[in-house]
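Colleague: got a predicted model here, sequence first, then my questions.
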Amino acid sequence: MRLPRNSRLTSSSQKLRREMTKQEKDLWWRFLRKLPVTIHRQKVIGTYIVDFYCHKARLTIEVDGGQHYEESGLVTDSIRESYLNNLGIEVIRFTNYEVDHQFDQVCITILGKVNSKTGLTLSMSDFE
């Protein structure tokens, strides 16, 4: 199934890719890019740009800063997550703190989701 895509967001997604947060860069360079499935950075889906997307697993990985936990951020994220869920995409979220201080657990959680959704049997030892 081809995902809906607002092509007017392409330049914004490219800019976000060049200007990823420290936590997004860490997660990308230290783990996600090494997975044997394609992970897209700052992917446009519909009218949204998601941090990371794995089509094979139909999984979006979000790394959230503090603004996501303010009332307006929670409402916006809820609407966005419902939209993605309706497309058959699961969303998993991690805080900047989790990426900074619980990196291995974040990676284990992502790996578990990718394994369960794709039938792969990868373990953290595959990335050492």
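Modeller: Ah, there it is. Numbering: from 1, shown residues only.

Colleague: for the helix or strand of the chain with the lowest mean pLDDT, packing partners?
Modeller: The helix or strand of the chain with the lowest confidence, counting by mean pLDDT, DSSP states H and E, is helix 71-86 at a mean of 86. Packed against helix 71-86 by the contact rule (3 or more Cβ pairs under 8 Å, 6 or more residues apart in numbering; DSSP states H and E) you find strand 48-54, strand 90-95. For every residue, glycine as well, the C-beta is placed using N, CA and C.

Colleague: between strand 48-54 and the helix or strand residue 42 falls within, find me the angle.
Modeller: Assigned by DSSP states H and E, residue 42 falls within strand 40-45. Orientation check (axes from the mean of the first three to the mean of the last three Cα atoms, to 10 degrees): strand 40-45 against strand 48-54 gives 130 degrees.

Colleague: and strand 40-45, which residues are buried?
Modeller: 40-45 (16 or more other Cβ atoms under 10 Å).

Colleague: quick one: residues contacting the residue nearest to residue 108 when sequence neighbours are not counted.
Modeller: Counting by Cβ to Cβ, 6 or more residues apart in numbering, residue 124 is the residue found nearest to residue 108 once chain neighbours are left out, at 6.2 Å. Residue 124 is in contact with 104, 107-108, 111, counting by Cβ atoms under 8 Å, 6 or more residues apart in numbering.
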